[in-house]
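Asks: fold the following.
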Amino acid sequence: MIKKILKNPKLTADEKAEFERLVKANMKRAYFAALGFLGSHDLAMDVSQDAFIRAYRSFKTFDNKRNFFPWYYRILKNLCLNYFRDSKNKREVTFLENVKNMEDSSTPEDFVENEEVKEKLESAMQQLKLEDREIIMLKEFQNHSYKEIAELLNLPIGTVMSKLYYARKKLANEFERLV
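Replies: All right, here's what the predicted structure looks like:
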């Protein structure tokens, strides 16, 4: 598929090779970022691929002195936001679809309890504003550093720390309300 997309006469052979290298290096990261927004494997695959296509079409505007992923992430985020705007059934999203079972359960009771906690956490996540969900997903589920999140969201590190603190508090309040 990558080869098919790369048949854009606007880019030089070197630019096409560089874009292909960047795609291969960031595919997994892009998928998990989309999954964090959308919660669905299929949607994450579709949207992350669509974002790479759009990135390719705009690759001439990319400043190769900067990191590729934050530039790409903005494209991906906008496509995810477009999906939410255009989607009729926003409650279909399951944020924890890809998260490994919380702990290996030693008993059936433990398994049921873990599933209940997972469902309540997912429900609490759905109650948050998109920006709060995003920052929690970037830090807690995708393990980005504060510096990486600051770069992805184009915010100062202190603002990231503050937003994450308040988003966690909101999540804790929503979770407590459900328990």
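
Asks: end to end, how far does stretch 31-46 reach?
Replies: With C-alpha to C-alpha, to the nearest Å as the measure, the first residue of stretch 31-46 is 9 Å from its last.

Asks: now swap in stretch 56-74 and tell me
Replies: Between the opening and closing residues of stretch 56-74 there is a gap of 14 Å (C-alpha to C-alpha).

Asks: in that stretch, which residues are buried?
Replies: Applying a neighbour-count criterion of 16 or more other C-beta atoms under 10 Å, one finds Tyr56, Phe59, Phe62, Phe68, Phe69, Trp71, Tyr72, Tyr73 buried in stretch 56-74. The C-beta positions use only the backbone N, C-alpha and C, and glycine is treated the same way.

Asks: how about the residue most central in space within the chain, secondary structure?
Replies: The structure's the chain has its C-alpha centroid closest to Ala33; by C-alpha atoms, centre = their mean the separation is 2.1 Å. Reduced to three states with DSSP: H, G, I helix; E, B strand; the rest coil, the structure at Ala33 is helix.

Asks: over to Asp63?
Replies: coil.

Asks: which one among the buried residues of stretch 56-74 gets closest to Met45?
Replies: Tyr72 (15.5 Å; C-beta to C-beta).

Asks: so how far is Glu116 from the closest residue to the closest one other than its chain neighbours?
Replies: The shortest distance from Tyr72 to any non-neighbouring residue, by C-beta to C-beta, 6 or more residues apart in numbering, is to Ala55 (5.1 Å). Using C-beta to C-beta, to the nearest Å, one obtains 40 Å as the distance from Ala55 to Glu116.

Asks: surely Glu134 touches Ala34?
Replies: No - taking C-beta atoms under 8 Å as the definition, Glu134 is not a contact partner of Ala34, at 11.7 Å.

Asks: between those two, point out the one with more neighbours.
Replies: Neighbours around Glu134 and Ala34, counted as other C-beta atoms under 10 Å, are more numerous at Ala34. The numbers are 27 against 22.

Asks: show the model's pLDDT score for that one.
Replies: The predicted structure scores Ala34 at 88 on the pLDDT scale.

Asks: please give the centre-to-centre distance between stretch 59-74 and its chain.
Replies: A distance of 17 Å separates the C-alpha centroid of stretch 59-74 from that of its chain, computed with C-alpha atoms, centre = their mean, to the nearest Å.

Asks: end to end on it, go ahead and measure it.
Replies: Across stretch 59-74, the terminal residues are separated by 13 Å (C-alpha to C-alpha).
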